[in-house]
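K.L.:
need a 3D model of the following:
(chains A and B)
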Number of protein chains: 2
Amino acid sequence: MPTPTEIRDLNQHVGEDVTVTGWVETTRGHGKVAFVVVRDGTGVVQGVFLKKELDAAVWDAHGTLTQEATVALSGVVREEPRAPGGYELGVTGVEVIAPSEEYPIQPKEHGVEFLLDHRHLWLRSSQQRAGLKVRAEISQATHDFFYERDFTRIDTPILTGSIGEHAGTLFETDYFGETAYLAQTGQLYVESACPAFRRVYCFGPTFRAEKSKTRRHLTEFWMVEPEVAFADSDDNMRLQEEYVSYLVERALERCSDELEVLGRDTAALERVKPPFPRISYTEAIERLQAKGSEIEWGQDLGAPDEVLITEDFDLPVFVYNYPKEAKAFYMKENPEDPRTVLCNDLLAPEGYGEIIGGSQREDDLVRLRERIAEEGLPEEAYGWYLDLRRYGSFPHSGFGLGIERTVAWITGRHHIREFIPYPRLMNRLTP
Amino acid sequence: MPTPTEIRDLNQHVGEDVTVTGWVETTRGHGKVAFVVVRDGTGVVQGVFLKKELDAAVWDAHGTLTQEATVALSGVVREEPRAPGGYELGVTGVEVIAPSEEYPIQPKEHGVEFLLDHRHLWLRSSQQRAGLKVRAEISQATHDFFYERDFTRIDTPILTGSIGEHAGTLFETDYFGETAYLAQTGQLYVESACPAFRRVYCFGPTFRAEKSKTRRHLTEFWMVEPEVAFADSDDNMRLQEEYVSYLVERALERCSDELEVLGRDTAALERVKPPFPRISYTEAIERLQAKGSEIEWGQDLGAPDEVLITEDFDLPVFVYNYPKEAKAFYMKENPEDPRTVLCNDLLAPEGYGEIIGGSQREDDLVRLRERIAEEGLPEEAYGWYLDLRRYGSFPHSGFGLGIERTVAWITGRHHIREFIPYPRLMNRLTP
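P.N.:
Have a look, this model is predicted:
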């Protein structure tokens, strides 16, 4: 078999007889002409079989091609503006490398549970490919953004001896006789690296054993968590809007084909540039009450509240300085209103809701110990974290962005389970 | 407080009075002149206090500075070739932002268990900073290498319902009434994404509940696992030598300061360019026997064997085509010698041993089922994996590179626990 040409490179081979290796997506025939669409992982191309120009063996082979069979398809590259990708092959030969009989996913509607049961095959479909390609681009863009700004990547541990912020929703495992918990966040650990590197971030899987079945929950999801020494809550929001705008820009620049496959209205994305609007939690409550909500000051915003807020904006919107009791123990008390903490959520527009939670961290040892006690958390589990306030404490801020929620928003889709290769849900651990 | 200048940018402020914010590393005084070394996470700088030029309050403040106290240090930037970083500050003022009393890590020898107990503070020391900076560079270089070559990043699941390759060394957790295992590899999952994207890779944490206490074992470590459709074992080794050479080149180019802090002999790294020498497993056994080893054909190579082999080479060396019984079930049988499989390890020079294991995968459904049965593995756990051989099977190859072992080799150090921010060892789950 000759060295295969990749479909993405066909534009460099017009007029040449090349061979592509890949998988059959569809076939159709009309008596004297027949077509096959082949995907090789770098693109798709249509091959055209002309009966009068082919040996009978090659012509007849077309009829044996089945969905997802692996083939080596040879032919002459032609420009064809109407074909997917802009090129087609005038077929000269075809070899079946491996068969595919009764492929489970047919070109018809399947139920979502069936598709998730066949996730290892569903990945091959065009919309899933497009969604995961955007995820990969957003991941690379994340690393590039922080690398270019002199952040040091810090990989934080998954197996931890102490609990995170949401006790009661922890996965645990026996660790040579001890109990280890799967990390819900890397934040406490990245904080510890600030005095070494000033600007740091982690990007890895996190775990929540939440009994939620909404379209916005996964038990395993990937989170980006930057942390910056000597940054206050305002600096933190500026970094967030700069980062989110960068992600959107990269998707628009480098994933236009994928966004088209997904039917994304890109005009809504083109608007996403800093600065983003900012409203205080108190203003958010007033807006919600004016819209008829029964929410009262002091309560956390739920997903429906977030959707109501985002109706008023066509950009992502910051809601900042929530009541202390609605947020985690490590957030810094607001000196101008001690009922609140210096924090923010970032709500994506078009009804997508929270994609970021961030805060300035409590850097006062005495207050932090009080907050740990108020929350009923075991202080001994946080001894090392308190050390960061004992030995050269420093103002610092950071945030966590959920990759799946962000990609769902950027692609304009609502089920985040499509934006991780193998989603883990309350009722799904396989394949 | 004025906006702080970062130490890495001092070269742009010669002659100006600037303020840096950071942590006190050391102080010393000689009656009329005193020094402080401050680290801000972007570099270190020496501040010089001259008694005759300073207010008594500023001069006296020097005596109150303690190790790791957080300070804002103001002064005039001067070129000073003898100073660390090449610049120093003629101090004009100092403010203590937060104290640090009796910092646990003193400038003396501490036992390794003590240092690991204080990992959250040990991170601040120069050698640890250097090692983790190289790790961060190698991580970014990994993403850049694969992104530039059109690989699609695929994040594989940590929580899995089926077992990986090393049953008996699995961490497990209750998953809403089912049992989930923490992934030992992402390989089987990246294989499934090849028909969607042709070239894919994952890069994330993996877990082994091994009762090993060697300097080369962690229970949680990060692994890079590329997988390429239509690539054979030779292609696979070419990709490996290209990738490893790229990592070394990036470290040499962008981490020269860090390698110097770590005392690395960079001449040994400058040699690392493709192609790498390749010897068959059979030749490796002959070499070992000639060196007096009692190893026999059929046994896997242990770490001491690997060290003996690498003595003969000053480059990383491939050992390829091991006996079937020494390797995992998914490796493709060697058609030219069915006692062996198409695989390779890559052994780093200077006694570092294995940093990569790779193979062509068994793409024949019948043979793969036989191998699963021979190994006594439960076929039902691999149903989805077998589907990849049922529906458009394809030749493909891939490998796994352990990041901590690779960084240990590149930095010339032997304990891999220093090259992950929070090492997890058999007897260590905290901090």
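
K.L.:
would you mind listing what in the stretch 201-350 of chain A touches chain B?
P.N.:
Near chain B, the residues belonging to the stretch 201-350 of chain A are A:Gly204, A:Pro205, A:Phe207, A:Ala209, A:Lys211, A:Thr219, A:Glu220, A:Trp222, A:Ala229, A:Phe230 when assessed by CB under 8 Å from any CB of the partner chain. Using the backbone N, CA and C atoms, a C-beta is placed for each residue, glycine as well.

K.L.:
OK, contacts around A:Arg149?
P.N.:
A:Arg199 (CB atoms under 8 Å, 6 or more residues apart in numbering or on different chains).

K.L.:
same thing with A:Thr27?
P.N.:
Contacts of A:Thr27 by CB under 8 Å, 6+ apart are A:Ala34, A:Phe35, A:Val36, A:Val37, A:His62, A:Leu65.

K.L.:
helix/strand/coil for the third one?
P.N.:
So the one you mean is A:Val36. Secondary structure, DSSP: H, G, I helix; E, B strand; the rest coil: A:Val36 is strand.

K.L.:
any idea how far the helix or strand hosting A:Ala130 is from the chain center?
P.N.:
A:Ala130 belongs to helix A:126-148 when assigned by DSSP states H and E. Offset of helix A:126-148 from its chain centre (CA atoms, centre = their mean, to the nearest Å): 8 Å.

K.L.:
now it: buried residues?
P.N.:
The neighbour-count check on helix A:126-148 (16 or more other CB atoms under 10 Å in any protein chain shown) flags A:128-147 as buried.

K.L.:
stretch A:90-102 now?
P.N.:
Quick answer for stretch A:90-102 (16+ other CB under 10 Å): A:Gly90, A:Val91, A:Thr92, A:Val94, A:Val96, A:Ile97, A:Ala98, A:Ser100.

K.L.:
and the last one, its phi and psi?
P.N.:
What it means is A:Ser100. phi -150, psi 110 (degrees, to the nearest 10).

K.L.:
isn't it right up against A:Glu68?
P.N.:
Yes: using CB atoms under 8 Å, A:Ser100 is in contact with A:Glu68, at 4.0 Å.

K.L.:
list residues touching both of those two?
P.N.:
Common neighbours of A:Ser100 and A:Glu68 (CB under 8 Å, 6+ apart) are A:Trp23, A:Val24, B:Tyr391, B:Gly392.

K.L.:
which one of the residues in the stretch 51-200 of chain A is closest to chain B?
P.N.:
A:Arg198 (2.6 Å; CB to the nearest CB).

K.L.:
contacts only, for the residue lying closest to that residue once chain neighbours are set aside.
P.N.:
Distances taken as CB to CB, 6 or more residues apart in numbering or on different chains put B:Gly41 closest to A:Arg198, at 2.6 Å, once the chain neighbours are dropped. Residues near B:Gly41 by CB under 8 Å, 6+ apart: A:Cys194, A:Pro195, A:Ala196, A:Phe197, A:Arg198, A:Arg199, A:Ala229, B:Gly22.

K.L.:
what angle do the strand or helix carrying the last one and helix B:126-148 make?
P.N.:
With elements delineated by DSSP H and E, B:Gly22 resides in strand B:17-29, which encompasses its position. Our comparison of strand B:17-29 with helix B:126-148, counting by axes from the mean of the first three to the mean of the last three CA atoms, to 10 degrees, yields an angle of 140 degrees.

K.L.:
now do the residue located most distally from the centre of chain A against A:Gly90, distance only.
P.N.:
In terms of distance from the mean C-alpha position of chain A, A:Lys52 ranks first, at 49.5 Å (CA atoms, centre = their mean). For A:Lys52, the distance to A:Gly90 (CB to CB, to the nearest Å) stands at 12 Å.

K.L.:
near chain B at all, whichever strand or helix holds A:Thr92?
P.N.:
Assessed by DSSP H and E, A:Thr92 sits inside strand A:87-98. Yes: counting by CB under 8 Å from any CB, chain B is contacted by strand A:87-98 at A:Ile97, A:Ala98.

K.L.:
check which helices and strands that strand sits against.
P.N.:
Judged by 3 or more CB pairs under 8 Å, 6 or more residues apart in numbering or on different chains; DSSP states H and E, strand A:87-98 is in contact with strand A:17-29, strand A:44-50, helix A:56-64, strand A:70-79.

K.L.:
so what secondary structure elements neighbour the last one?
P.N.:
The helices and strands touching strand A:70-79, judged by 3+ CB pairs under 8 Å, 6+ apart, are strand A:17-29, strand A:33-39, strand A:44-50, strand A:87-98.

K.L.:
now do it and helix A:56-64, the angle between them.
P.N.:
110 degrees.

K.L.:
so what touches strand A:70-79?
P.N.:
A:1-2, A:4, A:10, A:13-24, A:36, A:38, A:47-48, A:65, A:86-98, A:100, B:392-394.

K.L.:
any buried residues in that strand, and which?
P.N.:
Those would be A:Thr70, A:Val71, A:Ala72, A:Leu73, A:Ser74, A:Gly75, A:Val76, A:Val77, for strand A:70-79 by 16+ other CB under 10 Å.

K.L.:
widest-spaced pair of those?
P.N.:
A:Thr70 and A:Val76 (21.8 Å; CB to CB).

K.L.:
okay, domains of chain A per the record?
P.N.:
As assigned by automatic domain parsing, chain A contains the domains A:7-98, A:117-419.

K.L.:
return the most buried member of these.
P.N.:
domain A:117-419 (a mean of 19; mean count of other CB atoms under 10 Å in any protein chain shown).

K.L.:
could you give me the average pLDDT of it?
P.N.:
Averaging pLDDT along domain A:117-419 gives 96.

K.L.:
quick one: end-to-end length of that domain, please.
P.N.:
16 Å (CA to CA, to the nearest Å).

K.L.:
tabulate the domains of chain A (CSV), appending distance to A:Glu109.
P.N.:
Formatted as CSV, the domains of chain A follow (distance: least, CB to CB, whole Å):
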stretch, distance to A:Glu109
domain A:7-98, 16
domain A:117-419, 12
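
K.L.:
looking at those, which is nearest to B:Val407?
P.N.:
Short answer: domain A:117-419, nearest of the domains of chain A by CB to CB, at 11.3 Å.

K.L.:
how far off centre is the closest one?
P.N.:
12 Å.

K.L.:
right, and the pair among the shared contacts of A:Ser100 and A:Glu68 with maximum separation?
P.N.:
A:Val24 and B:Tyr391 (10.6 Å).

K.L.:
got any residues that touch both of these two?
P.N.:
A:Glu68, A:Ser100.

K.L.:
returning to that earlier point: correct me, but the residue of the stretch 51-200 of chain A closest to chain B touches B:Gly43?
P.N.:
No: counting by CB under 8 Å, B:Gly43 is not a contact partner of A:Arg198; they are 9.5 Å apart.

K.L.:
find residues that contact each of those two.
P.N.:
By CB under 8 Å, 6+ apart, the residues touching both A:Arg198 and B:Gly43 are B:Glu6.

K.L.:
I figured A:Leu259 was touching A:Asp265, is that so?
P.N.:
No: contact criterion CB under 8 Å: A:Leu259 and A:Asp265 do not qualify, at 9.1 Å.

K.L.:
give me the common contacts of the two.
P.N.:
Common neighbours of A:Leu259 and A:Asp265 (CB under 8 Å, 6+ apart) are A:Gly412.

K.L.:
show me what the residue lying closest to A:Gly93 once chain neighbours are set aside is bridged to.
P.N.:
Leaving out its chain neighbours, the residue that sits closest to A:Gly93 by CB to CB, 6+ apart is A:Ser74, at 4.1 Å. Per DSSP bridges, residues listed as beta-bridge partners of A:Ser74: A:Thr19, A:Gly93.
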